[in-house]
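Undergrad: Model the following, please.
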Amino acid sequence: MFAENGSGPKIFRLDSVESSGQAIREAAAILRSGGVVIYPTETFYALGAVAACEKAVEKVYEVKGRDFAKALPLIASDLQAVLCAVSQWPEPADRLARVFWPGPLSLIVPASASLPSVLHAGTGKIGVRLSSHPVASLLAKASGGLIVSTSANLAGGPPPDSPAGIDTGLLATVGAMLDAGNLPGGFPSTIVDVTAYPPVLVREGKIAPKEIFRVLG
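TA: Coordinates of the predicted model:
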């Protein structure tokens, strides 16, 4: 269901399978045209943009007030989309992905030269995962396979797990929001850098370190 929001963003309330499908298609159209949207993940609401669109990526930094020296995390629709976005797929990444994807595990991998450098702050590395939230996954698929997934908060603020927790000024800068109600929140995704050997645990999150190291052996 679409709710009017004056001159602000389109607000899509995901209250049925039919309305969710239409909302995702419209939100994806906004993303493909270079816009920014807010969408739900399995933990918090996220700011999304098409990863390959440099201007859209820059807008995410600007509306969030994020330091351009900090890379933006990504969500992919499937493993094929990930493989198209990397210059190399390390064996430890494959091992972890087979066990924990889709789910709250982000892998830092070598970025493809086709991606804008602003996306990864010139590091040559991207952090990417497959989301277990159906809306996030379908939105990524409908938008070309790879979208930004940074928390929908102003830099330094708490990540929002409900529409009410999203800053009104931030909301006013996006093209649309997919409203899925209250989300679980809790711990963010675990982050592992597989460009290093052995792989490095960058951030503890929903997946416990012992589970990561058990799979890595």
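
Undergrad: When you work out contacts or count neighbours from here on, use the C-alpha atoms and nothing else.
TA: Noted.

Undergrad: For this protein, which segments are assigned as helices?
TA: For the chain, the helices defined by DSSP state H occupy 17-32, 54-64, 79-85, 91-100, 134-142, 168-171, 209-216.

Undergrad: Can you tell me which of those is packed in deepest?
TA: helix 134-142 (a mean of 22; mean count of other CA atoms under 10 Å).

Undergrad: The most centrally placed residue in the chain and Ala136: what is the separation?
TA: Centroid-nearest residue in the chain: Ser149, 1.9 Å away (criterion: CA atoms, centre = their mean). Distance, Ser149 to Ala136, using CA to CA, to the nearest Å: 9 Å.

Undergrad: overlap in contacts of the two?
TA: Jointly contacting Ser149 and Ala136 under the rule CA atoms under 8 Å, 6 or more residues apart in numbering are Ile75.

Undergrad: Number of residues surrounding Pro199?
TA: 18 (other CA atoms under 10 Å).

Undergrad: Distance of it relative to Val215?
TA: Noted for Pro199: a distance of 12 Å to Val215, by CA to CA.

Undergrad: relative to its centroid, which residue of the protein is most remote?
TA: The chain, CA atoms, centre = their mean, max distance from centroid: Gly217 (28.1 Å).

Undergrad: Quick one: find the helix or strand in the protein with the lowest mean pLDDT.
TA: strand 2-3 (a mean of 48; mean pLDDT, DSSP states H and E).

Undergrad: related to what we said a few turns ago, list the contacts for the nearest residue to the residue nearest to the centre of the chain once chain neighbours are set aside?
TA: Nearest residue to Ser149, sequence neighbours excluded (CA to CA, 6 or more residues apart in numbering): Leu74, at 4.9 Å. Counting by CA under 8 Å, 6+ apart, Leu74 makes contact with Ala51, Ile126, Gly127, Val128, Arg129, Leu146, Ile147, Val148, Ser149, Thr150.
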